[in-house]
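Student: Fold the following for me, if possible:
(one chain, ligands or ions: 1)
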Amino acid sequence: MKRVETLAVASEITPLVKTGGLADVAGALPAALKAEGVETRTLIPGYASVLAALGHARSLFDLGAFFGGPARLLGASAAELDLFVLDAPHLYVREGGPYAGSDGADYPDNALRFAALARAASSIAQGLLPNYRPDILHAHDWQTALAAAYLRYSGEPRPATVFTIHNLAFQGKFPKSILPALGLPAHSFAIDGVEFYGGVGFLKAGLQFSDRITTVSPSYAAEIMTPESGMGLDGLLRARASDVVGILNGVDERIWNPASDARIAARYDPSSLALRAKNKTELQQRFGLRADPRSFLIGVVSRLSWQKGLDLLLEALPEVVGRNCQLALLGAGDKPLEQGFTEAARKNPGEVGVKIGFDEDIAHLMQAGADVILVPSRFEPCGLTQLYALRYGAAPVVARVGGLRDTIIDANEMALRAGVATGFTFSPVTVDEFVATLHRARKLFADKEQWRQLQGNGMKTDVSWRHPARRYAELYRGLLAARAAPGAP
Ligand code: ADP
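Tutor: Predicted coordinates:
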């Protein structure tokens with residue numbers, strides 16, 4: 001098996017910097033790919049938190065004045081990851097998160113911040129650093145999508161490119177006036193270039209110029225080619241359909257494993273499921289909920305945004321909680337939702353517990369202690385929380401869309417009889433369907449034997465990265481073979 005060298009580029013990576021699933025994927029895929037003969041190095045921005053976590057970093061290349069300030073490339077290893085870090089303090093060392101300040105507003109120079117990342121990736125891919133020449137440049141999401149455009153408008157050599165859509169809703173669309181600052185030629189502003197509805201579209205450019213496009217589930221791959229879910233990019237995606245593939249995400253079992261997870265109150269596996277009760281008690285306590293092992297505990301770990309459908313939960317709350325049904329919610333995002341849930345907790349003491357913020361430890365405890373994990377998304381490219389739920393014996397209750405549809409087997413009559421159900425799915429995403437499905441889950445919860453079977457099915461589902469990593473490796477090798485074939489462009 002020929003070894004493949006991949007340069008990945010991502011704007012976040014677990015465990016160094018994370019706002020969502022993208023970080024978990026970027027952090028887990030390299031180790032899984034190693035088993036498939038693929039070596040990965042990942043380029044990330046030098047946010048303050050990243051620089052602080054690195055400890056030992058080697059300076060590899062001085063980029064001089066780069067997108068408005070001094071910059072250099074560092075090489076480092078952290079958490080079993082081989083990293084390149086774009087150290088450019090004027091772009092990345094900020095008060096606040098990777099994309100927005102502490103007031104929640106996007107940084108005004110995000111176009112430049114991420115164009116710089118993409119430019120650095122394309123330069124490394126073309127041989128900027130001595131002794132490093134990757135076969136593949138694999139870029140993730142809009143923040144890195146311009147890398148393929150930089151390659152397209154520069155000379156040889158041009159490595160093969162793969163672009164992964166983790167969420168089509170985040171498109172990186174900026175006014176035309178930024179074009180000169182990006183260092184792309186004027187003629188790139190064209191329908192078959194970086195132009196997108198009169199502005200510059202980073203994600204669009206990635207879709208236009210990458211050799212292969214992947215997204216994180218087969219159903220989402222199909223959905224984004226429709227006008228309803230294509231967010232203005234369905235036409236381009238349809239035109240490139242033969243290069244688009246859906247590959248499900250996996251779970252990093254070094255981090256998400258109830259048998260070894262140091263973040264939870266009691267560790268367990270399918271043979272010691274009874275120990276899970278300790279985590280439920282701990283969760284109830286941490287969220288100020290009435291301590292009761294028999295209550296039906298609904299858990300949510302989520303960004304609070306329209307996509308995630310949690311406004312439906314807020315609306316349905318009076319019908320859902322009380323009468324031995326509790327809610328524990330961990331999330332942050334849209335202010336009206338944050339306020340709505342905080343208010344709901346105040347009104348329902350002991351029954352609704354809410355923590356606003358981002359907390360990795362509590363996210364793990366939630367998976368280990370809740371009876372169900374609720375994911376009522378309006379759209380969901382893959383979704384990781386429901387995969388963690390399977391792994392931890394919490395039954396996922398999910399909308400039947402995108403990756404949720406592809407990963408959860410609904411506990412309908414036949415699936416129960418066949419002994420294959422792993423959770424509950426509903427469609428369409430409406431309050432009525434949602435409430436009915438929660439009631440259905442609650443009814444099954446009362447049947448201890450059926451419930452244990454459901455938990456067991458989830459826990460033995462293979463949600464590891466083994467299979468997805470093989471698919472990526474095949475994709476890389478297929479792409480390299482196609483390029484090497486006689487007559488290839
Ligand atoms: P998305 O990337 O759209 O936010 P995913 O389900 O793919 O959704 O991934 C979400 C990831 O972020 C999971 O690892 C989840 O545990 C984590 N997460 C989301 N919200 C929080 C939070 N408030 N605190 C801790 N972890 C969170």
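
Student: Can you name the residues that contact the residue of the chain found nearest the ligand?
Tutor: The nearest approach of the chain to the ligand comes at residue 21, 2.3 Å away (Cβ to the nearest ligand atom). Where you see a C-beta, it was placed from the backbone N, CA and C, and this is true even at glycine. For residue 21, the contact set (Cβ atoms under 8 Å, 6 or more residues apart in numbering) comprises 166, 216, 249, 382-384.

Student: is the strand or helix carrying residue 301 anywhere near the ligand?
Tutor: Taking DSSP states H and E as the definition, residue 301 sits inside strand 296-304. Yes - contact of strand 296-304 with the ligand (Cβ under 6 Å from any ligand atom) involves 301-303.

Student: Sort out which of the contacts of residue 21 are buried, if you could.
Tutor: Buried by 16 or more other Cβ atoms under 10 Å: 166, 216, 249, 382-384, out of the contacts of residue 21.

Student: still on that earlier bit, restricting to the contacts of residue 21, which residues neighbour the ligand?
Tutor: 382-384.

Student: Now secondary structure and pLDDT too, for the residues you listed, in CSV please.
Tutor: Formatted as CSV, the ones next to the ligand among the contacts of residue 21 follow (DSSP: H, G, I helix; E, B strand; the rest coil; pLDDT from 0 to 100):
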residue, secondary structure, pLDDT
382, coil, 98
383, coil, 97
384, coil, 97
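
Student: I'd like the residues of strand 296-304 next to the ligand laid out as TSV, including pLDDT and neighbour count.
Tutor: Listed next are these as TSV, based on pLDDT from 0 to 100; neighbours: other Cβ atoms under 10 Å:
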residue	pLDDT	neighbour count
301	98	26
302	98	26
303	97	16
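
Student: Thought residue 122 was touching residue 150, still the case?
Tutor: Yes - between residue 150 and residue 122 there is a contact at 3.7 Å, judged by Cβ atoms under 8 Å.

Student: the more surrounded of the two?
Tutor: Taking other Cβ atoms under 10 Å, residue 150 and residue 122 do not tie; residue 122 has more neighbours (27 against 24).

Student: tell me the SS of that one?
Tutor: Counting by DSSP: H, G, I helix; E, B strand; the rest coil, the backbone at residue 122 sits in helix.

Student: and it, what does it touch?
Tutor: Residue 122 touches 137, 147-148, 150-151, 154, counting by Cβ under 8 Å, 6+ apart.

Student: And the buried ones among the contacts of residue 21, which is closest to residue 446?
Tutor: residue 383 (26.9 Å; Cβ to Cβ).

Student: is it true that the closest one touches residue 375?
Tutor: Yes - counting by Cβ under 8 Å, residue 383 touches residue 375, with 5.8 Å between them.

Student: which residues are common contacts for the two?
Tutor: 398, 404.

Student: picking that back up, filter the contacts of residue 122 down to the buried ones and hand me the PyMOL line.
Tutor: The following PyMOL line selects those of these that are buried, judged by 16+ other Cβ under 10 Å:
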select buried, resi 137+147+148+150+151
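
Student: Cross the contacts of residue 122 against strands and list the overlap.
Tutor: residue 137 (DSSP state E).

Student: May I see the contacts of residue 122 organised as JSON lines, with pLDDT added?
Tutor: Listed next are these as JSON lines, based on pLDDT from 0 to 100:
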{"residue": "137", "pLDDT": "98"}
{"residue": "147", "pLDDT": "98"}
{"residue": "148", "pLDDT": "98"}
{"residue": "150", "pLDDT": "98"}
{"residue": "151", "pLDDT": "97"}
{"residue": "154", "pLDDT": "93"}
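
Student: Quick one: end-to-end distance for stretch 99-116.
Tutor: 14 Å (Cα to Cα, to the nearest Å).

Student: cool, stretch 278-293 as well?
Tutor: First-to-last residue span, stretch 278-293, Cα to Cα: 9 Å.

Student: for stretch 226-233, same thing?
Tutor: End-to-end span of stretch 226-233 (Cα to Cα): 9 Å.

Student: Give the rounded mean pLDDT of it.
Tutor: Averaging the model's pLDDT scores along stretch 226-233 yields 97.

Student: which parts of that stretch are buried?
Tutor: 229-231, 233.

Student: can you give me the strands in the stretch 51-200 of the chain?
Tutor: Along the stretch 51-200 of the chain, the segments classed as strands by DSSP state E, counting those that start in this stretch run 57-65, 70-78, 81-87, 136-140, 160-165, 173-174, 195-196, 199-201.

Student: could you list every residue that touches residue 475?
Tutor: 162, 212, 214, 245, 247.

Student: burial count for the second one?
Tutor: Yep, that's residue 212 we're talking about. Around residue 212 there are 21 residues (other Cβ under 10 Å).

Student: Retrieve the pLDDT associated with it.
Tutor: Predicted confidence (pLDDT) for residue 212: 98.

Student: That one pairs with what?
Tutor: Beta-bridge partners of residue 212, counted by DSSP bridges, are residue 162.

Student: Assess the claim that it and residue 164 are in contact.
Tutor: No - Residue 212 lies out of contact with residue 164 (Cβ under 8 Å); the separation is 9.3 Å.

Student: any residues in contact with both of those two?
Tutor: Contact criterion Cβ under 8 Å, 6+ apart; residues shared by residue 212 and residue 164: none found.

Student: Which secondary structure element is home to residue 339?
Tutor: Per DSSP H and E: residue 339 is located in helix 335-347.

Student: What strands flank whatever helix or strand comes next after that helix, and is each parallel or antiparallel?
Tutor: Counting by DSSP H and E, the next helix or strand C-terminal to helix 335-347 is strand 352-356. As defined by DSSP bridges, the strand partners of strand 352-356 come to strand 325-333 (parallel).

Student: quick one, domains of the chain?
Tutor: 4-250+466-484, 270-460 (automatic domain parsing).

Student: With distance to residue 261 added, can I get these in CSV?
Tutor: Listed next are those as CSV, based on distance: least, Cβ to Cβ, whole Å:
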stretch, distance to residue 261
domain 4-250+466-484, 14
domain 270-460, 6
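
Student: looking at the ones you listed, which is closest to residue 260?
Tutor: Closest to residue 260 of the domains of the chain is domain 270-460 (Cβ to Cβ; 11.4 Å).

Student: for the residue lying closest to residue 452 once chain neighbours are set aside, helix, strand, or coil?
Tutor: Nearest non-adjacent residue to residue 452, counting by Cβ to Cβ, 6 or more residues apart in numbering: residue 273, 6.7 Å away. Per three-state DSSP, the secondary structure class of residue 273 is helix.

Student: Kindly report the same for the one 5 residues further on.
Tutor: Of the three states, residue 278 takes helix under three-state DSSP.
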